[in-house]
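Visitor: model the following, please.
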Amino acid sequence: MLSPEWAGITGSRALGTAKPSSDYDLLLYSNKPSELYNSLKDLAQEGLIAECEHETRYSKVKDTWSLDDFNALHAFKLLDSCYKGVAYTLRLLRQVEERGCTSFYRSLGWFEGAVYINDIGEGFLVPARYRVRLGFMELTAYMLTWRTRYQELPPGRYLARGLLQASGSDLYLIPDVWGYVKPLQVWTWKRDNN
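Guide: Below you'll find the predicted structure:
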């Protein structure tokens, strides 16, 4: 139904170490990722995608989220949910071609404080990319994350800790290593408004 150009399986199902409660970890790529994500929204509207059992899903994120944090965000998840009662995690890859690993980022140190997400444009891709305002400052940055738990974040105010980096005139906040993103106030409460 999703018709990606490329699909793969990873995690415990691929390794043959799955338990009965294990989900299916799938990697997908499409050159039209918005259409693929809209197909997920359609499946949710049809009732084929629905929230999973909380205990199983919460166990994956309890190292950085309280149960209240999880409950505030879990209803938005189409990429980390259940299809006809079967738990899955989808990672929609931004690219699949091999590239050399280079970095043109300059580290500016750690940022910890409130961030405001108003634009959720590419929050469903890996890496997820959000345009954020940092605290009460007039500074804007891109928050980039490769972690599934920080995908599909709805607009709102979050407490974040991450490495602040610069490339040219752009700032980047990276919460993945020794950082976090926690909801303080979510402004949109329904999955279909995501």
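
Visitor: run through who's touching the helix or strand of the chain with the lowest mean pLDDT.
Guide: The weakest-scoring helix or strand in the chain, judged by mean pLDDT, DSSP states H and E, is helix 54-58 (a mean of 74). Helix 54-58 is touched from outside by 21, 23, 65, 67, 70-71, 74, 80, 87, with contacts defined as CB atoms under 8 Å, 6 or more residues apart in numbering. C-betas here are computed from N, CA, C, even on glycine.

Visitor: next, the buried residues of the longest strand seen in the chain.
Guide: When the chain is parsed with DSSP state E, its longest strand is strand 106-122. By neighbour count on 16 or more other CB atoms under 10 Å, the buried set for strand 106-122 is 111, 114-117, 120, 122.

Visitor: cool, and stretch 24-37?
Guide: Within stretch 24-37, the residues that count as buried by 16+ other CB under 10 Å are 24-30, 33, 36-37.

Visitor: please report phi then psi for the residue sitting nearest the centre point of the chain.
Guide: Nearest to the geometric centre of the chain sits residue 151, at 1.0 Å (CA atoms, centre = their mean). With angles defined as degrees, to the nearest 10, residue 151 shows backbone torsions of phi -90, psi 160.

Visitor: what do you get for residue 36?
Guide: Here is the backbone geometry of residue 36 (degrees, to the nearest 10): phi -60, psi -40.

Visitor: residues contacting residue 186?
Guide: Residues near residue 186 by CB under 8 Å, 6+ apart: 72-73, 154-156.

Visitor: so which of those are in strands?
Guide: Using DSSP E, the contacts of residue 186 in strands are residue 156.

Visitor: got a pLDDT number for residue 28?
Guide: Looking at residue 28, its pLDDT stands at 93.

Visitor: skip the chain neighbours and tell me the closest residue to it.
Guide: Excluding the flanking residues, the one nearest residue 28 by CB to CB, 6 or more residues apart in numbering is residue 4, at 4.2 Å.

Visitor: now do the SS call for that neighbour.
Guide: At residue 4, secondary structure determined by DSSP: H, G, I helix; E, B strand; the rest coil is coil.

Visitor: surely it touches residue 29?
Guide: Yes. Residue 4 is within contact range of residue 29, at 5.9 Å (criterion: CB atoms under 8 Å).

Visitor: so what's residue 142 bridging to?
Guide: Beta-bridge pairing for residue 142 (DSSP bridges): residue 131, residue 172.

Visitor: ok, it - contacts?
Guide: By CB under 8 Å, 6+ apart, residue 142 lies in contact with 129-132, 170-173.

Visitor: redo that, cut-off 7 Å
Guide: The contact partners of residue 142, by CB atoms under 7 Å, 6 or more residues apart in numbering, come to 129-131, 170, 172.
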